[in-house]
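Asks: Quick one, what's the 3D model for this:
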Amino acid sequence: MSTETFLIPLGLSFLLLFQGVASSRYEEALTKSLLYFEAQRSGKLPPNQRVQWRGDSALQDGHDVGVDLVGGYYDAGDNMKFGFPQAFTVTMLSWSVIEYEQQLASKKELGHALEAIKWGTDYFIKAHTNPNVLYGQVGDGDADHACWERPEDMTTPRTSYKIDEQHPGSDIAGETAAAFAAASMAFRKSDPGYSSLLLSHGKQLFDFAKNHQGLYQNSIPQAKFYASSGFEDELAWGAAWLYHATNDQTYINYLASADPGGIRTEFSWDDKYAGAQLLVAKFIMEGRVARSGNWGKYKGQAEQFICNTVQKGYNNIHMSKGGALWWSSWNNFQYTTSALLLTTTYADWLAAARSVLNCPKGPVSPPQLIAFTRQQVDYILGKNPKGMSYMLGYGGRFPQQLHHRGSSIVSIKKDKRAVTCEEGFMDWFNRQAPNPNIVDGAIAGGPDQYDNYNDARPNYEQAESATVNTAPFVGVLARLA
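Replies: Below is the predicted model of the structure:
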């Protein structure tokens, strides 16, 4: 045997071994990303709860208005239930299942992903008490942020806030409609009855959002922590998901006359245009709408956003010296993970169509889009100048002082004595030691544009995780695992 004929299979073996190791790493991260949502649960925990340091909490939510609002998710490191980002979280989880159902099933994580979605949609069903009424928040953000307490024994007000015909909120209603529609697709195979129920709620909420327009923070001033910059994007986003789920011309007719949104600089809980544009691009690729006119604008603008993300556009997203996409000093990774889900999804759609992405700086193939995504994922998981995984519980080095009340205070399972508002700050928030409970799968806000990270509990801009960070990452990790 010649040296050349020996080296070819040997090199192939090393390549396959490397790919196997990488896939195993992503699989571990995928498992932890879904565990994260169990740590964020509000309400009565189920018998199959895997995150054992958590306990039941907020069991009287909605009592002030005579409505059962128990359940749902705490948005980040506090004990608040903000409906706007929670709905985006559920939409992202649902999209992850829709696109990567087979991959999730093969890794035995599909059930956990559906459970994560259902924990959110069950709450939204409760919150949507009438066609034109939606409870959009439980808790007082100012009071909550002035206390440092476990969710299990918090003493802050649990005031319930709603939107209705006289107090509209097209943004939160439109986003929740999108969440219901996307979730209905995720459950279509496993639970058709539940899928139908979700779709019914989504249709009602879209009509509410469209017929009674306004910004939700004008109706719920306490929602200032997640104030919306506009509602037109949520209406387009909701219409796109409802058309995707139903093929009903009502929704495509809405999109035909709507503003496509222009080339966006982010995809987030506050700006859904890039996601709506990408869904329309899919409709074009499937022959469900024409390629010309307004439809072409949607597709072209979606593609320009991805081109800018992968550094092949006219107005590229900033990159840190260490190679991370960078948008903001406050929770930067929320923008990264959502942009990566769009990039990964579109790469697979292009591959299926045997096409490429034509960017201003040259064509980008689907494998190149996936390679860029992989580089960004690797940065988050530890391949960065700090040598730190920004996903908690993953790797040998990750943030130890996450800005997270439940994580930073001793578990109620170990010490049932109530921790008061002031004691929480004195004994736990200011404690110069690692958090006693690890929130597996949480993704910290991340480093600054110079790749620096300060692992300190008070540093909420960098050291706080949120459901909107991890939700889109589920789909990205499922694709890579």
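Asks: Spell out, range by range, the helices that occur in the stretch 201-350 of the chain.
Replies: 216-219, 232-246, 249-257, 273-285, 293-309, 333-352 (DSSP state H, counting those that start in this stretch).
Asks: Quick check: closest non-adjacent residue to residue 351.
Replies: residue 366 (3.9 Å; Cβ to Cβ, 6 or more residues apart in numbering). Placement of C-beta: from N, CA and C, glycine included.
Asks: cool, and residue 360?
Replies: Once flanking residues are discounted, residue 360 sits nearest to residue 314: 5.1 Å by Cβ to Cβ, 6+ apart.
Asks: Pretty sure that neighbour sits against residue 308.
Replies: Yes. Between residue 314 and residue 308 there is a contact at 7.4 Å, judged by Cβ atoms under 8 Å.
Asks: Give me the more crowded residue out of these two.
Replies: The neighbour comparison of residue 314 against residue 308 (other Cβ atoms under 10 Å) goes to residue 308, with 21 against 11.
Asks: hang on, the earlier thing: my guess is the residue nearest to residue 351 contacts residue 350. True?
Replies: Yes. Contact criterion Cβ under 8 Å: residue 366 and residue 350 qualify, at 4.8 Å.
Asks: Could you name every residue contacting both of these two?
Replies: Counting by Cβ atoms under 8 Å, 6 or more residues apart in numbering, the contacts common to residue 366 and residue 350 are 356-357.
Asks: Contact partners for the residue nearest to residue 360?
Replies: With Cβ under 8 Å, 6+ apart, residue 314 has these contacts: 304, 307-308, 360.
Asks: Tell me how far the residue nearest to residue 351 lies from residue 476.
Replies: To residue 476, residue 366 is 15 Å away according to Cβ to Cβ, to the nearest Å.
Asks: of these two, who's got more company?
Replies: residue 476 (32 against 20).
Asks: Alpha carbons only: can I get stretch 368-375 in CSV?
Replies: Presented in CSV, the C-alpha positions along stretch 368-375 are these (Å, rounded to 0.1, in the frame of the first residue of the first chain):
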residue,chain,number,x,y,z
GLN,A,368,-20.7,28.3,4.2
LEU,A,369,-23.7,29.7,6.1
ILE,A,370,-23.7,26.7,8.4
ALA,A,371,-19.9,27.1,8.9
PHE,A,372,-20.4,30.7,10.0
THR,A,373,-23.2,29.6,12.4
ARG,A,374,-20.9,26.9,13.8
GLN,A,375,-18.2,29.5,14.5
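Asks: buried set for it?
Replies: Going by neighbour count (16 or more other Cβ atoms under 10 Å), the buried part of stretch 368-375 is 369-370, 372-374.
Asks: Beyond the helix or strand of the chain with the lowest mean pLDDT, next helix or strand please.
Replies: The helix or strand of the chain with the lowest confidence, counting by mean pLDDT, DSSP states H and E, is helix 3-39 at a mean of 68. Using DSSP states H and E, the helix or strand that directly follows helix 3-39 along the chain is strand 81-82.
Asks: chain center to that next one, what's the gap?
Replies: Mean C-alpha position of strand 81-82 versus that of the full chain (Cα atoms, centre = their mean, to the nearest Å) differs by 14 Å.
Asks: try stretch 179-187
Replies: Put simply, stretch 179-187 sits 15 Å off its chain's centre (Cα atoms, centre = their mean).
Asks: Stretch 316-335 too?
Replies: 17 Å.
Asks: tell me the mean pLDDT over that stretch?
Replies: Across stretch 316-335, pLDDT averages out at 98.
Asks: Using PDB, write out the CA atom coordinates for that stretch.
Replies: What follows is stretch 316-335, C-alpha atoms only, in PDB (Å, rounded to 0.1, in the frame of the first residue of the first chain):
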ATOM      1  CA  ASN A 316     -22.300  44.200   8.100                       C
ATOM      2  CA  ILE A 317     -23.100  43.500  11.700                       C
ATOM      3  CA  HIS A 318     -20.100  44.500  13.900                       C
ATOM      4  CA  MET A 319     -17.700  41.800  14.900                       C
ATOM      5  CA  SER A 320     -15.500  41.700  18.000                       C
ATOM      6  CA  LYS A 321     -11.800  41.100  17.600                       C
ATOM      7  CA  GLY A 322     -12.400  37.600  18.900                       C
ATOM      8  CA  GLY A 323     -14.900  36.900  16.200                       C
ATOM      9  CA  ALA A 324     -18.300  37.400  17.800                       C
ATOM     10  CA  LEU A 325     -21.200  39.200  16.300                       C
ATOM     11  CA  TRP A 326     -21.900  42.200  18.400                       C
ATOM     12  CA  TRP A 327     -25.000  44.400  18.600                       C
ATOM     13  CA  SER A 328     -25.200  45.800  22.100                       C
ATOM     14  CA  SER A 329     -23.500  46.100  25.500                       C
ATOM     15  CA  TRP A 330     -26.700  44.900  27.100                       C
ATOM     16  CA  ASN A 331     -27.500  41.200  26.600                       C
ATOM     17  CA  ASN A 332     -25.800  40.900  23.200                       C
ATOM     18  CA  PHE A 333     -26.300  37.200  22.800                       C
ATOM     19  CA  GLN A 334     -30.000  37.500  22.500                       C
ATOM     20  CA  TYR A 335     -29.400  39.100  19.000                       C
END
